[in-house]
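Trainee: pasting the sequence and the predicted coordinates here, then a few questions.
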Amino acid sequence: MKDSVDLSSLYKPFDRQIQAHTCIERYPLYGGAFGGGKTVWLVNEGIQLSLDYPGNVGYLCRHELPAFRRSVLIELERYIHPAILLQHHQTENYFKIDTRPYTNKDSAPSYIFYGGLGDDKAGLARLTSMTLGWFGIDQADETTETHFNMLAGRLRLMLPKIRYKGLLTCNPAPGWLKQKFIEQKLADHIFIRSLPKDNPYLPPDYEAKLRAIYPSEWVKAMLEGDWNALEGGNFLFPYSKIRSAVNRKLEIADSDVKWVGQDLAREGDDTCVFTLRQGGKVLYTDVWGKTDEMESVGLIQLKMERFGVKPENVNIDDMPSGVGSRLHELKCYVNKIIFGGTAQDPDHYVNIRAEMYDNLRKRFEAGTISIPDDQELIAQLSSIRFKIASDKKLQIISKEDMKRQYHLKSPDKADSLALAFYQPRQYSPSIRWL
């Protein structure tokens, strides 16, 4: 009988969690605030799916594996009942679940694999050959729609009467989740909001203490579940302005010059991004992985020739790759842009990167830019943060700080876009003694 293992001894869901457990939609997004019991719901739904369908295979993840180990893995180990745990393989990152105590018959074991999406190369390589019955992404607002789509494409495990599930948790933030679950309300997708006040297991003063220290936009977003609260604050681009720019119809005149922004990979999972625009419209974007200097030089030259772009209209992030310097050696005089260099308007901007991004912001505010419907680009633009330095100059949070403090991927597409719309000072070299 199914009650031969008393799972309720470890987990007693409250009303909002029950609503998420019993929804019929394939893709439930649960949470939308701090303290809503998101991770606990996620791991217990994964365990239940493993028991309901013997032989099931699930993948539980977060954007970064270290963050997963510090949070989700702890809850997973806590809630897997000892009677159903056959093995925890800590090298291969999976739990083997014994379904027999639950089904009370000789049934096949199920597997819960786990890993990271943004930094776990071994896990991602394994995913490409996996067939899943369910997956779960904790804090899905940290990752990209590309990762979600990849996992959704793995839901094809053939089991009798299987119910496929793509489980997600989140906090409110501009980006692809808001578009997909809040604005579009797609079929087979559902958002189930759970606030601190819905969770009876929190300390009585949990919410009051957070309200005392959080800024107002964080109170609205993280305690009250307001998806629009972080549209302002220290995010440079209002999400509504980004969405309005997607596939905006802009006329391109023959006299409009073609410009290119080339961002180059620096480390890890960074990418090289080539963005071509004419006037205010992005015409073409290409992405490739980190390559050696000469290969990038060759790719850039081929694209310049293909689209008829003059070197003086190509802006390249030249630190630390040196690709721009190599192009100069080949007498291809592109504009070498050093993000940390002195801005054209040093009275208002800490560096070129701040000036470059604020110029781009003005385009979005004025409605003079058209971008492709690229969810990764939209999410990256939504994540760009600013601060005002002590000398009252605008500063953009660096790539390194975005990774370290906010656990975000390097905004390579956003940087490439900003480069494409930046017009640096140009100097005509001359030899004065001739």
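Mentor: Perfect, I can see it now.

Trainee: which non-adjacent residue is nearest Asp286?
Mentor: Phe274 (4.5 Å; C-beta to C-beta, 6 or more residues apart in numbering). Just so you know, the C-beta spots here come from the backbone N, C-alpha and C atoms, and that holds for glycine as well.

Trainee: residues contacting that neighbour?
Mentor: 260-262, 284-287, 299-300, 303, 416 (C-beta atoms under 8 Å, 6 or more residues apart in numbering).

Trainee: what do you get for Lys161?
Mentor: Taking C-beta under 8 Å, 6+ apart, one finds Tyr53 in contact with Lys161.

Trainee: swap in 7 Å and give it another go.
Mentor: Going by C-beta atoms under 7 Å, 6 or more residues apart in numbering, Lys161 touches no other residue.

Trainee: Phe386 falls within a strand, correct?
Mentor: Yes: counting by DSSP: H, G, I helix; E, B strand; the rest coil, Phe386 is part of a strand.

Trainee: pretty sure it is touching Leu394, no?
Mentor: Yes: at 6.1 Å, Phe386 and Leu394 qualify as touching, with contact defined as C-beta atoms under 7 Å.

Trainee: among the contacts of Phe274, which lie within helices?
Mentor: Among the contacts of Phe274, the members found in helices (DSSP state H) are 299-300, 303, 416.

Trainee: top of these by number of neighbours, please.
Mentor: Using other C-beta atoms under 10 Å as the neighbour criterion, Ser416 leads those with 28 neighbours.

Trainee: so where's the stretch 151-300 of the chain uncertain?
Mentor: When residues are selected by pLDDT under 70, those of the stretch 151-300 of the chain lie in 213-218, 231-233, 239-240.

Trainee: domain ranges for this protein, per the record?
Mentor: Following automatic domain parsing, one finds the domains of the chain at 2-209, 239-420.

Trainee: distance between the last one and the chain's centre?
Mentor: On the basis of C-alpha atoms, centre = their mean, to the nearest Å, domain 239-420 is displaced by 18 Å from the centre of the chain it belongs to.

Trainee: strands of the stretch 151-300 of the chain, start to end?
Mentor: Using DSSP state E, counting those that start in this stretch, the strands found in the stretch 151-300 of the chain span residues 165-170, 189-193, 258-263, 271-278, 281-289.

Trainee: closest one to Leu127 among these?
Mentor: strand 165-170 (13.5 Å; C-beta to C-beta).

Trainee: residues in contact with the closest one?
Mentor: Taking C-beta under 7 Å, 6+ apart as the rule, strand 165-170 contacts 26-32, 38-39, 42, 45-46, 49, 134-141, 151-152, 155, 177.

Trainee: and which of the contacts of Phe274 is nearest Ile80?
Mentor: Val287 (39.2 Å).

Trainee: that closest one reaches Asp270, doesn't it?
Mentor: No: Val287 lies out of contact with Asp270 (C-beta under 7 Å); the separation is 10.7 Å.

Trainee: more neighbours, these two?
Mentor: Remark: of Val287 and Asp270, Asp270 carries more neighbours, 19 against 16, as counted by other C-beta under 10 Å.

Trainee: re the thing from before, okay, the strands of the stretch 151-300 of the chain, which one's buried deepest?
Mentor: strand 258-263 (a mean of 26; mean count of other C-beta atoms under 10 Å).

Trainee: what's in contact with that one?
Mentor: By C-beta under 7 Å, 6+ apart, the residues outside strand 258-263 that reach it are 272-278, 300, 307-309, 313-317, 412, 415-420.

Trainee: now with 6 Å?
Mentor: With contact meaning C-beta atoms under 6 Å, 6 or more residues apart in numbering, strand 258-263 is reached by 273-278, 309, 313-317, 412, 415-416, 419-420.

Trainee: between that strand and strand 271-278, how big is the angle?
Mentor: Interaxial angle, strand 258-263 versus strand 271-278 (axes from the mean of the first three to the mean of the last three C-alpha atoms, to 10 degrees): 170 degrees.

Trainee: which residues in the stretch 301-434 of the chain form strands?
Mentor: Counting by DSSP E, counting those that start in this stretch, the strands of the stretch 301-434 of the chain are 314-317, 335-337, 386-388, 394-396.

Trainee: got those strands as JSON lines, with mean pLDDT and distance to Thr103 columns?
Mentor: Shown next, in JSON lines, are these (pLDDT from 0 to 100; distance: least, C-beta to C-beta, whole Å):
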{"stretch": "strand 314-317", "mean pLDDT": "94", "distance to Thr103": "57"}
{"stretch": "strand 335-337", "mean pLDDT": "93", "distance to Thr103": "62"}
{"stretch": "strand 386-388", "mean pLDDT": "84", "distance to Thr103": "55"}
{"stretch": "strand 394-396", "mean pLDDT": "90", "distance to Thr103": "56"}
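
Trainee: pick the most buried one from these.
Mentor: Ranked by mean neighbour count, those are led by strand 314-317 with a mean of 26 (mean count of other C-beta under 10 Å).

Trainee: can you tell me the strand partners of that strand and which way each runs?
Mentor: Strand 314-317 pairs in its sheet with strand 258-263 (parallel), strand 335-337 (parallel), by DSSP bridges.
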